[in-house]
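> Generate a structure from the sequence data that follows.
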Amino acid sequence: MRIFNEDSTGKTIKKLAHQEIEPNRLGREKSPYLLQHAYNPVDWYPWGDEAFEKARREDKPIFLSVGYSTCYWCHVMEREVFENKAIAQMMNRWVVSIKVDREERPDLDRVYMAALQAMTGSGGWPMSIFMTAEYKPFFAATYIPPTNQEGRIGFLKLLTRVHAVWINERSKIVENGNRITEILQEYEKAQHTTTPITLGILHHAFEEFAKSFDSTFGGFGTAPKFPRPTVFNFLLRYYSRTGNLMARDMVLATLRKIAEGGIYDQLGGGFHRYSTDERWHVPHYEKMLYDQAQLVISFLEAFQISHDPFYAQVATEVLGYVQRVLNHPEGGFYSAEDAESAVSLTDPMKKKEGAFYTWKKKEIDSLLNDKVAKITAFGYGIQETGNVPRDRGQELSGENILFVANSVEDIVHLIGEKIEDVQSYLDTAKRKLFSARELRPKPHKDDKLLLSWNGLMISAFAKAYQILHDPAYLAIATEAVQFLLIKLYDPLSERLLRRFRNGEAKIESHLADYAFFVQGMLDLYEASFNITWLKMALRLTEEQIKLFYDEERGGFFDTNGTDQTLLIRTKETYDGAEPSGNSIAILNLLRLSQMIGSNRYHEMASRSLICFGEIMEKNPHAVPQLLVALDYSFSKPMQIVLAGDKKHSFVLEMLNEIHSRFQPRKVILFADGSKDQEFLSQYVHFYEDLPADEKDPKVYICQNYSCEMPISDIQKLKRTLDRSNRLILYEG
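All right, here's what the predicted structure looks like:
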């Protein structure tokens, strides 16, 4: 008799009635991804000295497998390869096998992904690397099937070849490993330049994005399509700088298309990781925290620019999803939800990608009355034959993913009823379908808390409070920062850790952890004016500089340089699904330089931008968030200083007016006559004599702390903001 239990990682553990299967070494880890492989017959090791010492002692190569717990193809390779006892026996005999969670160790992932791309021209997960015990890779691939398949070498055959070459032609392996390592080292050196930076880089970047824009479906390039919010960040700032309407419209159109597509969860909110097709219809069903955080900000900025409530509504729904599903009960946010889930509660072993999200038409019809079912089918593209291709081919699977096929206005035109009645029918349908879906087996949730991704989400909630004025958002952001500082910050060493899960804080923080967390605290300060967050942002920025800043050439290293197992010490600039640590660190320095009048921070930021000038000029597609920092550096940002009682109604009215506008080149500070004002006065003498009359609050609009006359009238504030926004830009 078999008993199936679901553990906290979402992995179905097989147990015999009288005998429990013993886990391998990964069973002692906290990473959900490593724990998913704890019951494989493969003799897995976590990355560490034990594995490499064994490889040296037994004279074996290393097989390194890198992935993450919500990675669909990682699950496939596990089922097909790592749970295969015959393959596992060969692996245990011929190689030392190491598992790495790329989300816990992005530093390792970055190095070996660069090797994979150098060897194959592409990348992805799972990442499969054969390497020496000296950490040098000599063969790299992504997913490998168990046997030869459609031009792909099978794992059995590959393992046999690697073993034969290792025994009989070792020099070839050593030579290849040395060559790849040299390529990686030379690439890192080549990144450092002294290219002059001008506004021409921004204009060229816009032209490149415009060339790849899909005017039919939105987005950039062809399938598969990723939302990539860093591109939206750059284009909206380019629009703000130049008034170029195409830059604005490319973003607004793309955001609308993805919000209406299957990539957006029409019932529960939240965005899936990417679309497998060009029209945002069939998603890859993972939901990642970093996507939710960044896209919330994109939709909020679209709302500021357009004042269209559609964009605010989407942001609100995504935040609702995060609160409902990804919020840790004590504060902070979980990492992700899986793409696949069990197809039924009675058969937990049978899993399918998208099982939680797709519907057969008869399921929908059974939950709704005929009229509402027909309206829902028309509105959300529900077909008897399904609207999702089988295995992403041409044949339809019978399954439907909800997307906005027809607008409410189209339905009104079709059935001739009032728009509010049609909207009521659709709302009723969504509630009933959502409730029914909640009874299905849910996707596995990766419940680790990563500091970098939490920093992004803190920014999203802080900005949502500024723009949408819901105090719950401010409370959630504040609670998250407080929780993370308790769990992942050592006040004695002033060091941060990267990951928290099940009571364990572990792994030295990298540049992105510091940069994203500092950004979150700066955004939280501008939302709450609690000086604690600005003080902590400054303290962590100093620690970040000490650990990562390259005093010789500018820019920030991704790691602190103490891990001798890393082949290279990288300086990541690629703004992919997440922004790079360098992009956000440089932008933070520029913001802080305006907040506290620091020439030192401004010079560090400028020197770092020069260091990366060549990649911005030659490959702007790769670095849109770095271009945001460059844009900020080519401006004279506004300092908006409010003085008075934070709770005064006029202060709140002024803040609402300020936040209703898209003005990305500004900082906001508060003077209330308290010790907070004394703290700011240490840096900028302007604060020393600033009156903070509780009964007569005022706002000062400044540049370089040279301020206009104080404003205590909302109409004058509107006029001044309009005028000042045109004065902050300059030619560089």
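> and Tyr465, how many residues sit next to it?
Residue crowding around Tyr465 was assessed by other CB atoms under 10 Å; the count is 23. For glycine as for every other residue, the C-beta is placed from the backbone atoms N, C-alpha and C.
> Surely it touches Ala527?
Yes: Tyr465 is in contact with Ala527 according to CB atoms under 8 Å; the separation is 5.0 Å.
> separation between Glu353 and Asp696?
Using CB to CB, to the nearest Å, one gets 61 Å for the distance from Glu353 to Asp696.
> Next, the residue positioned nearest the centre of the chain: phi, psi?
Geometric centre of the chain, nearest residue: Tyr290, 2.5 Å, by CA atoms, centre = their mean. Here the main-chain torsion angles of Tyr290 (degrees, to the nearest 10) amount to phi -60, psi -30.
> Of Glu353 and Asp696, which one has the most company?
When Glu353 is set against Asp696 and neighbours are counted by other CB under 10 Å, the residue ahead is Glu353, at 20 against 14.
> Enumerate the beta-bridge partners assigned to that one.
Using DSSP bridges, the bridge partners assigned to Glu353 are Glu340.
> so it makes contact with Tyr72?
Yes: here Glu353 lies in contact with Tyr72, judged by CB under 8 Å, at a distance of 5.5 Å.
> For stretch 53-60, what does the pLDDT average out to?
Computed over stretch 53-60, the mean pLDDT rounds to 98.
> repeat for stretch 245-257
Per-residue confidence for stretch 245-257 averages out to 98 on the pLDDT scale.
> Next: stretch 573-591.
Looking at stretch 573-591 alone, the average pLDDT works out to 97.
> Poorly predicted segments of the stretch 101-250 of the chain, please.
Of all residues in the stretch 101-250 of the chain, none has pLDDT under 70.
> can you tell me how far Asp365 sits from Phe356?
Spatial separation of Asp365 from Phe356 under the definition CB to CB is 20 Å.
> need the helices for the stretch 551-700 of the chain, in chain order.
581-596, 599-611, 613-618, 624-633, 649-659, 675-681 (DSSP state H, counting those that start in this stretch).
> out of the ones you listed, nearest to Arg56?
Judged by CB to CB, the one of the helices of the stretch 551-700 of the chain that comes nearest to Arg56 is helix 581-596, at 32.8 Å.
> Using PDB, write down the CA coordinates of the closest one.
As requested, C-alpha coordinates have been extracted for helix 581-596 and formatted as PDB (Å, rounded to 0.1, in the frame of the first residue of the first chain):
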ATOM      1  CA  GLY A 581      22.400  45.300  -8.800                       C
ATOM      2  CA  ASN A 582      24.500  47.900 -10.500                       C
ATOM      3  CA  SER A 583      21.600  49.700 -12.100                       C
ATOM      4  CA  ILE A 584      19.700  50.100  -8.800                       C
ATOM      5  CA  ALA A 585      22.900  50.800  -6.700                       C
ATOM      6  CA  ILE A 586      23.800  53.600  -9.100                       C
ATOM      7  CA  LEU A 587      20.300  55.100  -9.100                       C
ATOM      8  CA  ASN A 588      20.200  54.900  -5.300                       C
ATOM      9  CA  LEU A 589      23.500  56.800  -5.100                       C
ATOM     10  CA  LEU A 590      22.000  59.500  -7.300                       C
ATOM     11  CA  ARG A 591      18.900  59.800  -5.300                       C
ATOM     12  CA  LEU A 592      20.800  59.900  -2.000                       C
ATOM     13  CA  SER A 593      23.100  62.500  -3.400                       C
ATOM     14  CA  GLN A 594      20.100  64.700  -3.800                       C
ATOM     15  CA  MET A 595      18.600  63.900  -0.400                       C
ATOM     16  CA  ILE A 596      21.700  64.600   1.600                       C
END
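> That one - contacts with which helices or strands?
For helix 581-596, the elements it packs on are helix 511-528, helix 531-548, helix 599-611, helix 624-633, strand 666-671, judged by 3 or more CB pairs under 8 Å, 6 or more residues apart in numbering; DSSP states H and E.
> I'd like the ones you listed as a markdown table, with mean neighbour count appended.
Supplementary listing: these in a markdown table, determined by neighbours: other CB atoms under 10 Å:
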| stretch | mean neighbour count |
| --- | --- |
| helix 511-528 | 26 |
| helix 531-548 | 19 |
| helix 599-611 | 19 |
| helix 624-633 | 26 |
| strand 666-671 | 22 |
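> TSV for the ones you listed, including distance to Gly555 and mean pLDDT?
Compiled in TSV, these are given as follows (distance: least, CB to CB, whole Å; pLDDT from 0 to 100):
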stretch	distance to Gly555	mean pLDDT
helix 511-528	10	98
helix 531-548	9	97
helix 599-611	4	97
helix 624-633	10	98
strand 666-671	23	94
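> Columns distance to Met113 on top of the ones you listed, output as TSV?
Supplementary listing: these in TSV, determined by distance: least, CB to CB, whole Å:
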stretch	distance to Met113
helix 511-528	15
helix 531-548	20
helix 599-611	22
helix 624-633	19
strand 666-671	36
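> which stretch among those comes nearest Tyr683?
Nearest to Tyr683, of these and by CB to CB, is helix 531-548 at 9.1 Å.
> tell me how far that closest one is from the chain's mean position?
Shown here is helix 531-548, whose average C-alpha point lies 22 Å from the average C-alpha point of the whole chain (CA atoms, centre = their mean, to the nearest Å).
> angle of that helix against strand 666-671?
130 degrees (axes from the mean of the first three to the mean of the last three CA atoms, to 10 degrees).
> what packs against helix 531-548?
Packed against helix 531-548, as judged by 3+ CB pairs under 8 Å, 6+ apart, are the following elements: strand 495-501, helix 511-528, helix 581-596, helix 675-681.
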